[in-house]
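Visitor: what's the 3D shape of this:
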Amino acid sequence: MPPRIPVLACLRASKAAAPLQFTLPFRPFSSTPVVQGKKHGRPIKHISQDPYLVAMRNRKKAANLSRRGELEQQRVDSLGDPVRGTVTPFVESFETGIPLEPTADIKTPKEEFHLNYALKPKDVEASLAISEKLAVPRSMKKPPGAEYTWKPINYAADPDELKKFEQEKLKDHQRATEAIARITALENGSSKDRMRVNITRCVSTFGRHNTDRIFPPRAPPLSHPKSPVPHAVRPETNIEATMKRIGPDTGSSEVQIAILTAKIKTLADFLETRGKGDKHNKRNLRLLVHRRQKLLKYLRRKERGGPRWQHCIEMLGLTEGTWKNEISL
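Guide: Residues are numbered from 1 along each chain as shown. Sure thing, here's the model as predicted:
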């Protein structure tokens with residue numbers, strides 16, 4: 001039988017020979033973040049400070065900007081300015097509000113040309129003639145507080161006093177005429193006053209209550225292939241029936257296009273001179289230009305490039321850039 005070795009002695013001998021090693025169980029996932037992990041995201045681009053590279057970069061940028069300007073100029077030359085189009089006498093008259101002379105096509109009576117405050121020259125002249133008869137010079141008026149001491153002058157007995165009275169009356173009438181002329185002049189009015197006159201002119205020039213007498217009626221639409229009535233036998237548009245209107249035409253496409261053109265010119269002039277940083281009015285200008293583009297496309301499609309369409313774009317100076325393709329301001 002082998003000798004018994006104490007257990008405590010065996011443990012001491014093994015501990016002296018080699019230290020005990022305890023292994024922890026394997027954990028595939030860890031709740032603590034990795035300290036030395038890779039950083040995600042776009043790497044930082046270091047701009048070179050080499051003078052040669054900087055000069056090449058600036059030269060390339062200048063060439064791109066120059067080419068961009070050339071392409072923009074070519075687009076403007078081919079299509080025209082989408083905001084202003086081309087300059088015509090009718091569009092230039094929007095700035096002052098003074099109407100042009102009546103043309104051979106559209107004869108507008110001269111007495112219909114309004115001054116400021118919707119006044120007519122004929123009515124102003126009649127009012128001034130009445131005021132000349134009723135006006136009394138200041139020397140003829142009774143001064144305040146002199147009811148008993150003041151006596152009227154007998155002009156029949158004194159011709160010098162009569163001549164003096166006539167000169168003073170004429171001088172007062174000329175002064176009143178000059179004051180009325182300055183008050184009713186469109187040049188001294190506000191932008192709102194000129195816009196009101198321009199809208200009236202657009203309705204008178206492009207309204208169908210006037211243009212129906214000049215332009216032929218629109219051609220009837222093509223008949224359906226299966227229709228028993230041929231296209232040549234279909235009745236034409238009755239001109240007399242189309243001319244019967246309750247009042248002036250203010251809702252047709254050409255009238256709305258002319259009014260929008262007047263508003264666009266006024267707003268564009270304001271932004272060019274004083275409102276360069278006005279973002280609110282820039283957005284309003286963009287909306288007006290796109291609204292006019294939709295109406296121009298509609299009018300061209302309905303009129304099929306007829307005389308009414310040609311008259312509208314020639315009078316307002318509207319090029320293809322105002323209605324064709326996409327407009328970006």
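Visitor: max-length helix in the chain?
Guide: Within the chain, and with DSSP state H defining each element, the longest helix by residue count is helix 51-79.
Visitor: I'd like the next helix or strand past that helix.
Guide: Once helix 51-79 ends, the next helix or strand along the chain (criterion: DSSP states H and E) is helix 89-92.
Visitor: Quick one: mean pLDDT for that next one?
Guide: Here helix 89-92 scores 92 as its mean pLDDT.
Visitor: And the helix or strand just after that helix, what does it pack against?
Guide: Elements were assigned by DSSP H and E; along the chain past helix 89-92, the next helix or strand is helix 121-134. Under the contact criterion of 3 or more Cβ pairs under 8 Å, 6 or more residues apart in numbering; DSSP states H and E, helix 121-134 touches helix 159-184. C-beta coordinates here come from the backbone N, C-alpha and C atoms, glycine included.
Visitor: Next, the buried residues of the next helix or strand after the helix it packs on.
Guide: Following the chain from helix 159-184 toward its C-terminal end, the next helix or strand by DSSP H and E is helix 191-206. Applying a neighbour-count criterion of 16 or more other Cβ atoms under 10 Å, one finds 193-206 buried in helix 191-206.
Visitor: for stretch 303-312, same thing?
Guide: Across stretch 303-312, burial judged by 16+ other Cβ under 10 Å covers 303, 306, 308-309, 311-312.
Visitor: now the nearest residue to Ala176 once chain neighbours are set aside: how far from His209?
Guide: Beyond its immediate neighbours in the sequence, the residue positioned closest to Ala176 (Cβ to Cβ, 6 or more residues apart in numbering) is Ser131, lying 6.7 Å away. According to Cβ to Cβ, to the nearest Å, Ser131 stands 35 Å off from His209.
Visitor: Then Arg68?
Guide: Arg68 sits 48 Å away from His209 when distances are taken as Cβ to Cβ.
Visitor: More neighbours: those two, which one.
Guide: When Arg68 and His209 are compared for neighbours, His209 comes out ahead with 18 against 10, by other Cβ atoms under 10 Å.
Visitor: mind listing what the more buried one touches?
Guide: 243, 245, 247-249 (Cβ atoms under 8 Å, 6 or more residues apart in numbering).
Visitor: Equivalent analysis for Cys202, please.
Guide: Contacts for Cys202 were tallied using Cβ under 8 Å, 6+ apart; they are 255, 258-259, 262.
Visitor: For the closest residue to Pro89 other than its chain neighbours, grab the count of nearby residues.
Guide: Nearest non-adjacent residue to Pro89, counting by Cβ to Cβ, 6+ apart: Leu100, 6.1 Å away. Around Leu100 sit 13 other residues, with neighbours defined as other Cβ under 10 Å.
Visitor: On the pLDDT front, check Leu100 for me.
Guide: The pLDDT attached to Leu100 in the predicted structure is 71.
Visitor: Show me the shaky parts of the stretch 1-150 of the chain.
Guide: 1-48, 101-114, 137-150 (pLDDT under 70).
Visitor: how about a cut-off of 50?
Guide: Filtered on pLDDT under 50, the stretch 1-150 of the chain yields the residue ranges 20, 22, 24, 26, 29, 104-107, 109-111.
Visitor: Can I get the contacts of Cys202 in TSV including pLDDT, neighbour count and distance to Glu272?
Guide: Formatted as TSV, the contacts of Cys202 follow (pLDDT from 0 to 100; neighbours: other Cβ atoms under 10 Å; distance: Cβ to Cβ, whole Å):
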residue	pLDDT	neighbour count	distance to Glu272
Val255	96	23	26
Ala258	96	26	21
Ile259	97	19	21
Ala262	96	23	16
